[in-house]
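[1] sequence unknown, structure follows:
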């Protein structure tokens, strides 16, 4: 070590951190590596192969599950992001709203309830009112728990934004709506995109709530992977899982970059 | 002119959020609260008849002669869940604290990179992440394969389908929830406090114990709650890594609404989980209020 030791330095802490990151990433890397393994074995490397990917992509069930997942995620993201943006704008910019902490609490309420409880409560509710819309049921359930994930980055962006630009627009006789359209929303856009991406991933990856709420024929990709894992480990599972994993990593990194680039 | 119409206009932006979360989240939770006091229907669902059987069933079972006997089966599952959740919290603390401390003492751009690296796995599929551990832990998995190849063991060790595997999976899943709040507390830590402590002849470990840890305490408490809540109701890790034998509360609830078809009992179990969670959040809120949002000196 060339640089002088920081006063905060403690022996072993850097090793624990190294171990931590290996612990965090090793299982994911193992999955990715074995998804390209030519043999069915998960311990012996038998050469590089795309076999399991071609098999997985040719599988009708996987295609159907993936399509369902994407449809649900798109609708849930649009709904959750719209709702979250409206709520964030009202809570951050409208000074006449009373009880803001209560509304803020309602918006992040879905985060405070254990997922399994949300899952059975939603199932019970749909059964009680006899709602049976196929994918529609899942879209509603996903919208609910995506709201806080969209809301938090949007609200953070709004709170960090300079309000004087909006005040200036209003001084120049822009109507409230024009100010919103020409000033607030363009400035808020990185927050909205970031929130929407997180909502999309959360919806795409959700398992337990979907498992309880899904009716026959509304299988999503995580549910399909689960059913395969229950039967036994096959290399196709590794391939599909890797695709899902890669997709999440790309979207999260993009969301981070967009959020960071425009930070003022 | 503060008419009702005017008031409504102010709150318009909040209406969709309140409606969606109210109708599809808060009302359903109230419904399962009601269901927990009803009688199970023959093919799932409930019969509209008041009963506390679902809660009694947590502790007692009717025998052949219709007499209630104490039945610890569910209590054992509840304590196992509690125990595994506590082990998970302790594991996350032990691993998370040094990591948070180390990251907080790095230069800013490196800190941001570390934080991104910690958050990325959090956003990837929980099912996939847990599944990865099957590849590592199973009898023909990597650890056993490596140990056998090195000649250290002849027979594979039973790693998968144990309580240890469940705890490991849960620590793996939730440790970012521990690192981030501790990091947030330590990031604000004034280095001069450490310098003062060292100037007064406290060594590194005494300083850690008496200066850093107390200042990190709010973060450690917040992190513990953030880990404990989802670990208690976890479903995926116990299901995939515990393999049915090591049933936890989450799986038990799921079972009642699927194959066991005892909705009131499942609802009662959900209420028990909710009660524990609310108790934790209440204790935390009180603690924050008492300390004015952080430790004060």
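    Perfect, I can see it now. The structure presented is a predicted model; accordingly, all values stated were derived computationally and were not measured.

[2] I figured residue A:235 hits residue A:38, correct?
    No. At 9.2 Å, residue A:235 does not count as touching residue A:38 under the criterion of C-beta atoms under 8 Å. Glycine gets a C-beta too; all of them are placed from N, C-alpha and C.

[3] And those two? Which one has more around it.
    residue A:235 (22 against 15; other C-beta atoms under 10 Å in any protein chain shown).

[4] Give me the pLDDT value at that one.
    Per-residue confidence (pLDDT) for residue A:235: 82.

[5] Give me the neighbour count for residue B:77.
    Residues near residue B:77, counting by other C-beta under 10 Å: 18.

[6] Could you pull up the contacting residues of it?
    Counting by C-beta atoms under 8 Å, 6 or more residues apart in numbering or on different chains, residue B:77 makes contact with B:247-249, B:252.

[7] Tell me the pLDDT of it.
    Here the pLDDT value assigned to residue B:77 is 90.

[8] In the helix or strand encompassing it, which residues are buried?
    Using DSSP states H and E, residue B:77 sits in helix B:73-104. Buried residues in helix B:73-104, defined by neighbour count with 16 or more other C-beta atoms under 10 Å in any protein chain shown: B:74, B:77-78, B:80-82, B:84-85, B:87-89, B:91-93, B:95-104.

[9] now swap in stretch B:265-282 and tell me
    B:265-274, B:276-277, B:280.

[10] same question, stretch B:140-154
    Quick answer for stretch B:140-154 (16+ other C-beta under 10 Å): B:141-145, B:148.

[11] For chain A, tell me which of those show up nearby.
    B:141-142, B:145 (C-beta under 8 Å from any C-beta of the partner chain).

[12] Return the member of those nearest to chain A.
    residue B:145 (3.8 Å; C-beta to the nearest C-beta).

[13] ok now do the residue of the stretch 151-297 of chain B found nearest chain A, which residues does it touch?
    Using C-beta to the nearest C-beta, the closest approach of the stretch 151-297 of chain B to chain A is made by residue B:233 at 3.3 Å. Taking C-beta under 8 Å, 6+ apart, we find residue B:233 in contact with A:114-117, B:249-250, B:253, B:273, B:277.

[14] so does the strand or helix carrying residue B:176 get close to chain A?
    Taking DSSP H and E as the criterion, residue B:176 maps to helix B:163-187. Yes. Part of helix B:163-187 sits near chain A under the criterion C-beta under 8 Å from any C-beta, namely B:172, B:175, B:179.

[15] For residue 12, list the residues it contacts.
    If you meant another chain, say so; for now it's chain A. Residue A:12 touches residue B:98, counting by C-beta under 8 Å, 6+ apart.

[16] wait, chain B
    A:86, A:90.

[17] picking up where we left off before, could I get the buried residues of stretch B:140-154 as JSON lines with pLDDT and secondary structure?
    As requested, the buried residues of stretch B:140-154 are exported to JSON lines (pLDDT from 0 to 100; DSSP: H, G, I helix; E, B strand; the rest coil):
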{"residue": "B:141", "pLDDT": "80", "secondary structure": "coil"}
{"residue": "B:142", "pLDDT": "80", "secondary structure": "helix"}
{"residue": "B:143", "pLDDT": "84", "secondary structure": "helix"}
{"residue": "B:144", "pLDDT": "84", "secondary structure": "helix"}
{"residue": "B:145", "pLDDT": "81", "secondary structure": "helix"}
{"residue": "B:148", "pLDDT": "85", "secondary structure": "helix"}
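
[18] possible to save these as a markdown table with distance to residue B:240?
    As requested, the buried residues of stretch B:140-154 are arranged in a markdown table below (distance: C-beta to C-beta, whole Å):
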| residue | distance to residue B:240 |
| --- | --- |
| B:141 | 13 |
| B:142 | 16 |
| B:143 | 17 |
| B:144 | 17 |
| B:145 | 20 |
| B:148 | 23 |
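
[19] Sort out which one of these lies nearest residue A:46 for me.
    Distances from residue A:46 to the buried residues of stretch B:140-154, taken as C-beta to C-beta, are shortest for residue B:145 (13.7 Å).

[20] Quickly note the distance from that closest one to residue B:139.
    Residue B:145 is 9 Å from residue B:139, where distance means C-beta to C-beta, to the nearest Å.

[21] quick one: secondary structure of the residue nearest to residue A:39 when sequence neighbours are not counted?
    Closest residue to residue A:39 apart from its sequence neighbours, by C-beta to C-beta, 6 or more residues apart in numbering or on different chains: residue A:46 at 3.4 Å. Three-state assignment for residue A:46 (DSSP: H, G, I helix; E, B strand; the rest coil): coil.

[22] Quick one: residues contacting residue A:46.
    Contacts of residue A:46 by C-beta under 8 Å, 6+ apart are A:37-39.

[23] Correct me if wrong: residue B:222 contacts residue B:181.
    Yes. Contact criterion C-beta under 8 Å: residue B:222 and residue B:181 qualify, at 4.1 Å.

[24] my guess is residue A:108 contacts residue A:155, does it?
    No. Residue A:108 is not in contact with residue A:155 according to C-beta under 8 Å; the separation is 9.7 Å.

[25] Could you check which of these two has the larger neighbour count?
    Shown here are residue A:108 and residue A:155; by other C-beta under 10 Å, residue A:155 has more neighbours (23 against 15).

[26] for that one, what are its contacts?
    A:88, A:91-92, A:191.

[27] let's see 7 Å
    A:88, A:92 (C-beta atoms under 7 Å, 6 or more residues apart in numbering or on different chains).

[28] Could you do residue A:184 as well?
    residue A:166.

[29] Pretty sure it sits in a strand.
    No. Read with three-state DSSP, residue A:184 is helix and lies in no strand.

[30] where does it sit relative to chain B, distance-wise?
    Residue A:184 sits at a distance of 12 Å from chain B (criterion: C-beta to the nearest C-beta, to the nearest Å).
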